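Trainee: What follows is a protein structure lacking sequence information:
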């Protein structure tokens, strides 16, 4: 691997000001937004432009970040992957992924998540990745389980939206579990 940010289908890159359209597209479908978090009122194009421009101006690094998932074939905005809620002392971090509807079921989410895991485990010395997924989000649960995440618990009736309380499934993967199925980066 010559560039740890490139897979076979996608590359991860920093947010650029022109990505505002892609982030707007991610927020267009209420069901998609609900699978990832809380439904907010509609935002203006200017709101997306200024939000994206601010993120594009942030310096790289830090414990929490968002990267764009871009297709290698046509350099299209396919989604975004985030890292946050890091705990360096305990060696834990959380990640999440959003893929635009037109780019789903092509392996982009899996590959982007694997690139982030490799970076966080091999370069940032973290030992464990955690994800929280709503119990009704079968696609995300299936993705993380295919990647080797293990269900560690369930927070019952933990979040309220769409008129009901919903369970949250906690999944985790250790660095050792990741390296059992992935090649560690080479120094040569």
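Mentor: Received, thanks. Keep in mind it's a predicted model, so treat the numbers as computed, not measured.

Trainee: Let me see the mean pLDDT of the helix ranked longest in the chain.
Mentor: Using DSSP state H to assign secondary structure, the helix with the most residues in the chain is helix 108-122. Across helix 108-122, the average pLDDT comes to 97.

Trainee: Which is the succeeding secondary structure element to it?
Mentor: strand 128-134 (DSSP states H and E).

Trainee: quick one: strands adjacent to that following strand?
Mentor: strand 92-99 (parallel), strand 164-174 (antiparallel) (DSSP bridges).

Trainee: Just say which of these is most tucked in.
Mentor: Each of the strands paired with strand 128-134 was scored by mean neighbour count; the highest is strand 92-99, a mean of 20, by mean count of other Cβ atoms under 10 Å. From N, CA and C alone the C-beta is placed, and that goes for glycine too.

Trainee: any idea how far it is from the chain center?
Mentor: Centre-to-centre, strand 92-99 and its host chain are 4 Å apart (Cα atoms, centre = their mean, to the nearest Å).

Trainee: just stretch 108-127 next, same as before
Mentor: 10 Å.

Trainee: With stretch 170-181 instead?
Mentor: That offset, for stretch 170-181, works out to 16 Å (Cα atoms, centre = their mean).

Trainee: circling back to that earlier point, quick check: angle from the longest helix of the chain to strand 128-134?
Mentor: If you take axes from the mean of the first three to the mean of the last three Cα atoms, to 10 degrees, helix 108-122 sits at 150 degrees to strand 128-134.
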